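J.: Please find the sequence and the predicted model below.
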Amino acid sequence: MAKLSKARKAATEKVDATKQYSLDEAMTLVKEVNTAKFNASVDVHVRLGIDPRKADQALRGTVTLPHGTGKTKRVLAFVTPDKEKEALDAGADYAGLDDLVARVTDGWTDFDVVVAMPQTMAKVGRLGRVLGPRGLMPNPKTGTVTMDVGKAISDVKGGKIAFRVDKFGIVHSSIGRVEFSPEQLKENANELLGTLVRMKPSSAKGNYMKSVTIASTMSPGIKVDPKTIA
């Protein structure tokens, strides 16, 4: 344990907490200061100048990262029997309805994304107690409630992720793994950050992108200068 503490201390000393790094510098540095012995996730935390309590400022959406997240998403598809084969062919890990609803009702959550057909939502809606707190409830706004389940599943497997602002006005999202090159991490970050800029609510006043921080699962946070974001 002491060895890990020493590694973390050395990593922390490499990061100037008073400095705002360029996006290029941050992506190189986050790989250097990662202390995990595994292929850790690299995450971005964006504090926005919005009030999530206002309906038009409660941002949520999706973005397709050019290089994916480095993690294969396990997809559960709630579909009618005639669509099961389409869902499985598109890459769904689980597809069906009544049997899967029963499993989730019992607390099963061994999946990362849920896709559902509109016709199934009467039954899926009852799973809010299990799916809601984990951010797994399918939603038309993120394209996870759709008739075109095959495309929705293919998109998720191809690097499409959903994001939403939390009650503090912060968006948290993975943009890859530490094994990614700095350029891949930068391109993924720019895709997400550019999407957030385009989604700026017209009612949001003042400084919109207040702060951007990059960190891996076990690294100190690295502040990014929002002006260096393409």
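T.: On my side now, so go ahead.
J.: what about the protein, any weak spots by pLDDT?
T.: 1-5, 8, 230 (pLDDT under 70).
J.: Map the structural domains onto the sequence of it.
T.: Recorded structural domains for the chain (assignment: the TED database) are 15-69+160-224, 75-157.
J.: how about those, which one is nearest K6?
T.: Set against K6 and scored by C-beta to C-beta, these come closest in domain 15-69+160-224, at 9.5 Å. The C-beta positions use only the backbone N, C-alpha and C, and glycine is treated the same way.
J.: which secondary structure elements does the longest helix along the chain contact?
T.: What stands out as the longest helix in the chain, according to DSSP state H, is helix 182-198. Taking 3 or more C-beta pairs under 8 Å, 6 or more residues apart in numbering; DSSP states H and E as contact, the helices and strands that helix 182-198 lies on are helix 23-32, strand 41-48, strand 60-64, strand 170-177, strand 209-216.
J.: List the buried residues in it.
T.: Residues 182, 184-193, 195-196 are the ones in helix 182-198 that count as buried (16 or more other C-beta atoms under 10 Å).
J.: what about V124, which SS state?
T.: Three-state call for V124 (DSSP: H, G, I helix; E, B strand; the rest coil): helix.
J.: got the CA positions of stretch 185-195 in CSV?
T.: Taking Å, rounded to 0.1, in the frame of the first residue of the first chain, the C-alpha atoms of stretch 185-195 are listed here in CSV:
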residue,chain,number,x,y,z
LEU,A,185,-8.0,11.0,-26.4
LYS,A,186,-7.9,14.5,-27.7
GLU,A,187,-10.2,13.7,-30.7
ASN,A,188,-12.6,11.9,-28.4
ALA,A,189,-12.6,14.8,-26.0
ASN,A,190,-13.1,17.4,-28.7
GLU,A,191,-16.1,15.4,-30.0
LEU,A,192,-17.8,15.5,-26.6
LEU,A,193,-16.8,19.1,-25.7
GLY,A,194,-17.8,20.3,-29.2
THR,A,195,-21.2,18.7,-28.8
